[in-house]
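S.K.: only the shape, not the letters, is given here:
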């Protein structure tokens, strides 16, 4: 029981910290260092700090025995587990991740009024859903591949995962924000008051969740086929 409570607390705190980390990085780069939004050096510094930030959160996940800030991460893991784990993830972990994100954004806007409005959709509904879906499918597939192919190599897996997430984020940033994190988007959408709109639910929840399920099932199918081929060869 203590382990479950620790995991739920970790999810809430890490989700809270995640929305804060992205804002603090931007403030540091643009306000403290003075780089403009179109400065190449400034963008390089910001992306470098983003990768370091992802390493930090990967380490937090390791020391908390699975704490996470992204619903898609825990959902992807829960799909391959038993039904009890799936219910625990959907009914407890994901809601607390959303709660942590909302709390974090509320405090951000209270501390830094006018800091921004978070990720927003700049293309059509279908284009946005397709974009978030493809980005999510790609990163979930990469995550599953890293788990299977490079067991035990924390630095290598985290580096590949972090660079992949950053690259995908850049690709989708001008269209949907390239978030691949429904809880984080929910925090900003709730603050804006558009968290129950069709655009938010379809683009930032339904499309990524469907892509996560598809990626997990695809990987599971390919892995099963690979094992069957090895058995036939042997």
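M.R.: That came through fine. Owing to the predicted nature of the structure, the values given are computational and were not obtained by experimental measurement. Numbering: from 1, shown residues only.
S.K.: for residue 162, what are its contacts?
M.R.: Neighbouring residues of residue 162 by Cβ atoms under 8 Å, 6 or more residues apart in numbering: 50-51, 54-55, 58. From N, CA and C alone the C-beta is placed, and that goes for glycine too.
S.K.: what comes up buried for stretch 47-64?
M.R.: The neighbour-count check on stretch 47-64 (16 or more other Cβ atoms under 10 Å) flags 47, 49-50, 53-55, 57-58, 60-61, 64 as buried.
S.K.: go through those residues and name the one nearest residue 146.
M.R.: residue 58 (11.3 Å; Cβ to Cβ).
S.K.: picking up where we left off before, will you turn the contacts of residue 162 into TSV that also has pLDDT, secondary structure and distance to residue 73?
M.R.: As requested, the contacts of residue 162 are exported to TSV (pLDDT from 0 to 100; DSSP: H, G, I helix; E, B strand; the rest coil; distance: Cβ to Cβ, whole Å):
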residue	pLDDT	secondary structure	distance to residue 73
50	95	helix	17
51	96	helix	17
54	96	helix	12
55	96	helix	15
58	94	helix	11
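S.K.: out of those, which one sits closest to residue 133?
M.R.: residue 54 (21.7 Å).
S.K.: name the nearest residue to the closest one, sequence neighbours excluded.
M.R.: residue 162 (4.0 Å; Cβ to Cβ, 6 or more residues apart in numbering).
S.K.: helix or strand for that neighbour, just tell me which one.
M.R.: helix 154-172 (DSSP states H and E).
S.K.: going on from that helix, what's the next piece of helix or strand?
M.R.: helix 182-192.
S.K.: show me which residues of the helix or strand of the chain with the lowest mean pLDDT are buried.
M.R.: Using mean pLDDT, DSSP states H and E, the weakest-scoring helix or strand in the chain turns out to be helix 207-233, at a mean of 80. Using 16+ other Cβ under 10 Å as the test for burial, helix 207-233 gives 207-209, 211-213, 215-216, 219.
S.K.: other SSEs contacting it?
M.R.: helix 71-79, helix 125-149 (3 or more Cβ pairs under 8 Å, 6 or more residues apart in numbering; DSSP states H and E).
S.K.: for the spatially most central residue of the chain, grab phi and psi.
M.R.: Nearest residue to the geometric centre of the chain (Cα atoms, centre = their mean): residue 181, 3.8 Å. Per-residue torsions, residue 181: phi -150, psi 90 (degrees, to the nearest 10).
S.K.: if we ignore the residues flanking it in sequence, what's nearest it?
M.R.: Nearest one to residue 181, counting by Cβ to Cβ, 6+ apart, is residue 70 at 4.7 Å.
S.K.: next: residue 147.
M.R.: residue 157 (7.7 Å).
S.K.: you'd agree that neighbour is up against residue 146?
M.R.: Yes - contact criterion Cβ atoms under 8 Å: residue 157 and residue 146 qualify, at 4.6 Å.
S.K.: quick revisit: turn the contacts of residue 162 into CSV, including distance to residue 189.
M.R.: Formatted as CSV, the contacts of residue 162 follow (distance: Cβ to Cβ, whole Å):
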residue, distance to residue 189
50, 22
51, 26
54, 23
55, 28
58, 26
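S.K.: which of those residues sits closest to residue 82?
M.R.: For those, the nearest to residue 82 is residue 58 (25.6 Å; Cβ to Cβ).
S.K.: next, the contact list for the closest one, please.
M.R.: Counted by Cβ under 8 Å, 6+ apart, residue 58 has contacts 154, 158, 161-162.
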